[in-house]
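S.K.: Let me see the structure of the following:
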Amino acid sequence: MARYTGPKSKVSRRFREAIFGRDKALERKNYGPGMHGNSRRRPKQSEYAIQLAEKQKAKYIYGVLEKQFRNTFKKAAAKKGITGENLLKFLESRLDNTVYRMGITPTRRSARQFVSHCHILVNGEVVNIPSYQLKPGDVVSVRERSKSLELVTASTSSNRSRFSWIEWDGAQMQGKFISYPDRADIPENIKEQLIVELYSK
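M.R.: Next comes the predicted model:
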């Protein structure tokens, strides 16, 4: 299963955002990584560098590597509508992301592992593919034997914000993917138009 396994704090400091969730290193050092720290003068970035950085940030946030990200972009470009918004809608409808959004796990990385370890059902069937694309109306639930896991009980009991495109039943530990989200409802700080411009070159 291909995934990013490098240092997380360096990535968060590079973008000055909590890419992988709360990071104490980012709170202590709110500047880019490197031996010269905050005193290092950084040259003005080119248009290409800005676009590339935005794509890299989106890949890190959703836990997708280049080939899969590019294929998702092609799918978004072929669909009617605004390509950048379509891209985010497809990333949001991934099974691992939806498990995270429902609050079943505390992070997307843990959601990816949770799915791959066969703890999740989609419409009553075990699905262990984190990139599985959900469709409106699909029901996502935790397997009966997995409902008592400490990771699940701790995450579902926390006061996490809920999202308009997802229904969640805490008693049954299952939710429904109602629809693809509108761009205004997606909280991620991603400038998707820069990604579209990068791939359009």
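S.K.: going forward, measure contacts between C-alpha atoms and count neighbours the same way
M.R.: Fine.
S.K.: Strands of the protein, residue ranges please.
M.R.: If DSSP state E is used as the criterion, the strands of the chain fall at 120-122, 125-126, 139-142, 166-169, 174-177.
S.K.: Out of these, which gets nearest to Pro43?
M.R.: Distances from Pro43 to each of those were compared using CA to CA; the minimum, 43.0 Å, belongs to strand 166-169.
S.K.: Can you pull up the most central residue in this protein?
M.R.: Nearest to the geometric centre of the chain sits Tyr62, at 2.8 Å (CA atoms, centre = their mean).
S.K.: so Ser179 sits right up against Val139, yeah?
M.R.: No - the pair formed by Ser179 and Val139 falls short of the contact definition of CA atoms under 8 Å, at 11.7 Å.
S.K.: Going by how many neighbours each has, rank these two and give me the top one.
M.R.: Residue environment comparison for Ser179 versus Val139 gives the larger neighbour count to Val139, 20 against 16, counting by other CA atoms under 10 Å.
S.K.: Could you find the closest non-adjacent residue to that one?
M.R.: Across the structure, with CA to CA, 6 or more residues apart in numbering as the measure, the residue nearest Val139 apart from its sequence neighbours is Lys176 (4.4 Å).
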